[in-house]
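Visitor: Provided below are the primary sequence and the corresponding predicted coordinates.
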Amino acid sequence: MANTQSMCTSFLGEALDAVHNFSTLNPARSAGVADTFKAALYLTTATLNASTTAYSATGEVSGSGYTAGGVAVTNATNPASTNASSTAGVGYWTPSAAIVYTSVTLATAFDTMLMYNSSQSNKAVAVFTFGSQTITAGNFTLTMPSNTTTTALVRLATT
Amino acid sequence: MALVTTTKGDMDDSLLEKREGSVDNDIECTTWTEYWLDGELVHRSAHVTLKTSPFSGAETASLG
């Protein structure tokens, strides 16, 4: 069993279905209000990958100070897009603040964060992996990459 | 002097052994801080900075 970093395949289709609303500018529904995205942590023994379609408590971390389902992702910056050339461009988005699990004890090793849409039946967005960690009476902080065309956390691009 | 949250409550850091570490690779830059009391781990925090994202490509089909 292992976790694999990946954009969730279901998310790609759902993006075309306008299931996920990362923006306050979305005119299709709930204009002015973006969906709520959350970040849950998973054990090294879990199996999350491109086939993951939704949040599940199976394989999720547990421990003092951690609430099943994880924490809400701060989203104060709407997605952006830009052209790199006449035939290539990228749409991108990054949470606007670090994801912090405060005062937790997570004694069993974990190495994965699943981002999912808690406004839309907990549908999965992407799986992010990192080196195995445990936390003891402390904080676990995930700092986001810069929100640029080449480093943003979620990118959809032509090549 | 600073207080550290531990499994035994808030403690003066002068009573504890501090250990720190880091890893920096293509995927992440991670630092962690541990405090030990008489050989027992009583605090561990970690800070992961993600460097990569699961890039997804897109393309259009040719017409005709």
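Guide: Thanks, I have it.
Visitor: look at A:Ser64 and tell me its secondary structure.
Guide: Reducing the assignment at A:Ser64 to three states with DSSP: H, G, I helix; E, B strand; the rest coil gives coil.
Visitor: and the strands in chain B?
Guide: B:3-6, B:9-12, B:17-24, B:28-37, B:40-50, B:56-58 (DSSP state E).
Visitor: so which of the ones you listed is nearest chain A?
Guide: Between chain A and these, the shortest gap by C-beta to the nearest C-beta is with strand B:40-50, which sits at 3.3 Å. Bear in mind the C-beta positions are built from the backbone N, C-alpha and C, glycine included.
Visitor: quick one: average pLDDT of that closest one?
Guide: Mean pLDDT, taken over the full extent of strand B:40-50, equals 96.
Visitor: neighbours of the nearest residue to A:Ala57 once chain neighbours are set aside, how many?
Guide: Spatially, and ignoring its direct neighbours in sequence, A:Ala57 is nearest to A:Ala68 (5.5 Å; C-beta to C-beta, 6 or more residues apart in numbering or on different chains). Applying other C-beta atoms under 10 Å in any protein chain shown, we find 10 residues neighbouring A:Ala68.
Visitor: using the three-state scheme, assign A:Ala68.
Guide: Three-state secondary structure (criterion: three-state DSSP) places A:Ala68 in coil.
Visitor: what's the burial count for A:Gly13?
Guide: Other residues close to A:Gly13 by other C-beta under 10 Å number 10.
Visitor: wait, a helix at it?
Guide: Yes: according to three-state DSSP, A:Gly13 belongs to a helix.
Visitor: which residues touch stretch A:45-52?
Guide: By C-beta atoms under 8 Å, 6 or more residues apart in numbering or on different chains, the surrounding residues in contact with stretch A:45-52 are A:1-4, A:6-10, A:42, A:58-60, A:112, A:114, A:124, A:127.
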